[in-house]
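1. let's see this in three dimensions:
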Amino acid sequence: MLYAERDDFKDLIPIPQDEGPSPLAPINYSQKCNPHRDAMDMFRAVVDINEKSERALGLTEDIIRMNAGHYTVWHYRTTILVELGLDLQSELKLMDELSTEFLKSYQVWHHRRLCVGLLATTTSPFADKNCPAAVTISSTPQTSSPPPPLPSSIDLARYELQFIANLFHATEDPKNYHTWVYRQWILTYFDKLFQDQDRHHELEFIESLINDDIYNNSVWSHRFFCLFKLGWLHTSLEAEIEYVLIKIGIAPSNMSSWNYLRGILKVNRKGLNQQRVLQFSETLVKAKSASDDMNPPLPALEWLADAALEDKNPIATKHYLTLKDLDPIRRHYWTWKSHLALSA
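-> Numbers count the residues shown, from 1 in each chain. Coordinates of the predicted model:
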């Protein structure tokens, strides 16, 4: 039933969208019955009188299910939840459904973040991660980072991490940008509450995803974030380098692991001329070059070239010209790099 025909909204007069006399890009609504147009007309009527009510909350949910990217509706929904002091645990349960259905919607994840930030700063604990207790709030919506989380909210953080892990498997999309950004926000915001076992579980989670798909650049980026941005590296840099080399050995042309290796050296202010890495790269290049039907892995040869350029070694030019022959799509780039080497 359309909102314009519902008894519980009969006191409101729907407000049609005013696009002006000569709209540049008018929305091509159906001239007949259109649920989205009807709901938006009623939403404008609700906003016009600044109504914060249960019926307005239900209206926002209906619109969100039709258009999960409508940030104005999301914002209005947040203000309703806050001003009425409604149950945020129920909202989080709804977000479990919407986050799965609208995985790639920025607005969905932003709203979830607001809810979690509010829940984490209330006095009521998130008692059971499988059956969370009700929490109500009555404060202003947070548009920036919330205050530090209360110690009692650690189970909320663990629930969120598990939800995302389950979501990766349920949607078979472990590369979704918004999901990874949200996970990193959880790890950052609750970082001081996490114990060693939590960090260990996160690293195990990362390892399982790398084993599932060693080419998943999102997981390699997340490993870098945890170990070097959050400072979770408890082994030596040399041990981490050895770990990456083992993974590169499985897929020598995988740019994800090679870029990770470059990243961990750069963040630790190390050059490319690490003896262990140079030996490994030379071994890969020689082994593949000796085969009649296989070219050497380009990332390994590029490493040798860039390391030589870093040392102003003239052999860099030879390596870049080889890359130009092996990688004709980027021939102009390799030509430019060879000129850099000549002028070094």
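
2. give me phi/psi at residue 87?
-> Backbone geometry at residue 87, expressed as degrees, to the nearest 10, gives phi -70, psi 110.

3. who does it bridge with?
-> In this entry, residue 87 is beta-bridged to residue 136, by DSSP bridges.

4. what's the neighbour count on it?
-> 15 (other C-beta atoms under 10 Å). All C-beta spots, glycine's among them, are computed from the backbone N, C-alpha and C.

5. what do you get for the one 5 residues further on?
-> Residues within reach of residue 92, counting by other C-beta under 10 Å, total 22.

6. could you do residue 323 as well?
-> 23.

7. and if you look at residue 203?
-> 16.

8. now the helix or strand in which it is found, how far from the chain's geometric center?
-> Residue 203 is part of helix 196-212 when elements are defined by DSSP states H and E. Here helix 196-212 is found 17 Å from its chain centre; the criterion is C-alpha atoms, centre = their mean, to the nearest Å.

9. packing partners of the helix or strand hosting residue 167?
-> Residue 167 belongs to helix 154-171 when assigned by DSSP H and E. On a contact count with 3 or more C-beta pairs under 8 Å, 6 or more residues apart in numbering; DSSP states H and E, helix 154-171 meets helix 88-101, helix 106-120, helix 177-189, helix 196-212.

10. low-confidence ranges in the protein?
-> 29-33, 123-145, 288-293 (pLDDT under 70).

11. now the strands: where do they sit in it?
-> Taking DSSP state E, the chain contains no strands at all.

12. any idea how far residue 71 lies from residue 107?
-> Separation of residue 71 from residue 107 (C-beta to C-beta, to the nearest Å): 5 Å.

13. which of these two has more neighbours?
-> More neighbours surround residue 107 than the other of residue 71 and residue 107, with 20 against 12 (other C-beta under 10 Å).

14. mind checking how far that one is from residue 73?
-> 9 Å.

15. what do you get for residue 262?
-> On the measure of C-beta to C-beta, residue 262 and residue 73 end up 43 Å apart.

16. more neighbours, the two?
-> residue 73 (23 against 19).

17. what sits against that one?
-> 43, 60, 63-64, 67 (C-beta atoms under 8 Å, 6 or more residues apart in numbering).

18. switch to 10 Å and redo it
-> 39-40, 43, 47, 59-64, 66-67, 107 (C-beta atoms under 10 Å, 6 or more residues apart in numbering).

19. all helices of the stretch 201-344 of the chain, in order?
-> Secondary structure of the stretch 201-344 of the chain (DSSP state H, counting those that start in this stretch): helices located at 217-224, 237-250, 255-267, 275-289, 298-310, 315-326, 331-343.

20. list the buried residues in the shortest one.
-> In this case it means helix 217-224. Buried residues in helix 217-224, counted by 16 or more other C-beta atoms under 10 Å: 218-223.

21. what does the second one give?
-> Along helix 237-250, the positions that meet the burial threshold by neighbour count (16+ other C-beta under 10 Å) are 237, 240-241, 243-245, 247-248.

22. try stretch 44-64
-> Here stretch 44-64 shows 45-46, 56-57, 59-60, 62-64 as buried, counting by 16+ other C-beta under 10 Å.

23. now render those residues as TSV, adding distance to residue 281.
-> Compiled in TSV, those are given as follows (distance: C-beta to C-beta, whole Å):
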residue	distance to residue 281
45	67
46	63
56	62
57	59
59	61
60	56
62	58
63	55
64	51
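
24. which of those fall within helices?
-> 45-46, 56-57, 59-60, 62-64 (DSSP state H).

25. nearest to residue 233 among the residues you listed?
-> residue 64 (40.6 Å; C-beta to C-beta).

26. surely the closest one meets residue 107?
-> Yes: if you go by C-beta atoms under 10 Å, residue 64 and residue 107 touch, sitting 8.2 Å apart.

27. give me the common contacts of those two.
-> By C-beta under 10 Å, 6+ apart, the residues touching both residue 64 and residue 107 are 70, 73-74, 98.

28. rebuild those as TSV, extending it with distance to residue 321.
-> TSV is the format used below for the shared contacts of residue 64 and residue 107 (distance: C-beta to C-beta, whole Å):
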residue	distance to residue 321
70	54
73	58
74	54
98	54
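
29. looking at the residues you listed, which are in helices?
-> 73-74, 98.

30. what about residue 122, how many residues close to it?
-> 18.

31. mind checking how far it is from residue 89?
-> Distance, residue 122 to residue 89, by C-beta to C-beta: 10 Å.

32. what of residue 175?
-> 30 Å.

33. with residue 25 instead?
-> On the measure of C-beta to C-beta, residue 25 and residue 89 end up 41 Å apart.

34. which of those two has more neighbours?
-> residue 89 (20 against 6).

35. wait, the more buried one sits on residue 116?
-> No: between residue 89 and residue 116 there is no contact under C-beta under 10 Å: 11.0 Å.
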